[in-house]
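Asker: 3D model of this:
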Amino acid sequence: LSALVGSALADFQVLSPGGPNLWWVAQSENVIAWSCHDNPPATTFQLLLANGNQSILVAPMAIVANIQNADCSHTITQQQTNLTPATNYTLIIADAVDQTKVYATSQPFEVKALGATYPAASATPTDDGTSASSTSASTSASGSAGAASSPSASTKPNGAAALQVSAAGALAVV
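Answerer: The predicted structure follows:
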């Protein structure tokens, strides 16, 4: 039985951010995306932020409670986290009540200083294992995206763009 549970949880993962090509920007909106179609361990969960450097973050910090798995992504506002630019951050998806029941942990990622550009949408894996660029419309230089994105999307006042997950699970810069 434990092998079956471990196998199911192995499919569920944080898609973004994580790794050297998927970072967040301090004092800006940032997006977490997860593999919501791959054996989700629960219908709701909470999100915690951690950093291996205790001078940055002493312990994992709960930043959002009761996230719906079916949403496939969640925008983290600058008011929800006061991120210090640094490396070695991780996001933890845990049980909605018991944060010691961890469902998935992102790869370590960097939080870049305010004004840094967001990663290219093509760097983000999708729920089906492909890159976002192979499953969504391409993004123009103006920051507006094609049919895979919301027509009301816009660039943020600080010049940064946001990421949005399409119904197919692909991330796009909007």
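
Asker: out of all of them, which strand in the chain is the longest?
Answerer: Identified as the longest strand of the chain according to DSSP state E is strand 86-95.

Asker: quick one: buried residues of it?
Answerer: Ala86, Tyr89, Thr90, Leu91, Ile92, Ile93, Ala94 (16 or more other C-beta atoms under 10 Å). Heads up, the C-betas are built off the backbone N, CA and C, glycines and all.

Asker: cool, stretch 12-26 as well?
Answerer: Neighbour counts using 16+ other C-beta under 10 Å place Phe12, Gln13, Val14, Leu15, Ser16, Pro17, Gly18, Leu22, Trp23, Trp24, Val25, Ala26 of stretch 12-26 among the buried residues.

Asker: What of stretch 74-88?
Answerer: His74, Ile76, Gln78, Thr81, Leu83, Pro85, Ala86.

Asker: Then stretch 36-43?
Answerer: Neighbour-count burial for stretch 36-43 flags Cys36, Asp38, Pro40, Pro41, Ala42 (criterion: 16+ other C-beta under 10 Å).

Asker: Lowest-confidence member of those, which is it?
Answerer: Sorting the buried residues of stretch 36-43 by pLDDT puts Asp38 at the bottom of the list (77).

Asker: Apart from its neighbours in sequence, what residue is nearest that residue?
Answerer: Distances taken as C-beta to C-beta, 6 or more residues apart in numbering put Asp11 closest to Asp38, at 3.8 Å, once the chain neighbours are dropped.

Asker: my read: that neighbour touches Asn39, true?
Answerer: Yes. Assessed by C-beta atoms under 8 Å, Asp11 is found in contact with Asn39 at 4.5 Å.

Asker: measure Thr75 to Thr87 for me?
Answerer: 22 Å (C-beta to C-beta, to the nearest Å).

Asker: Could you work out the end-to-end span of stretch 27-40 for me?
Answerer: Stretch 27-40 stretches 30 Å from its first residue to its last (C-alpha to C-alpha, to the nearest Å).

Asker: what does stretch 20-33 give?
Answerer: End-to-end for stretch 20-33, by C-alpha to C-alpha: 16 Å.

Asker: With stretch 82-90 instead?
Answerer: End-to-end for stretch 82-90, by C-alpha to C-alpha: 15 Å.
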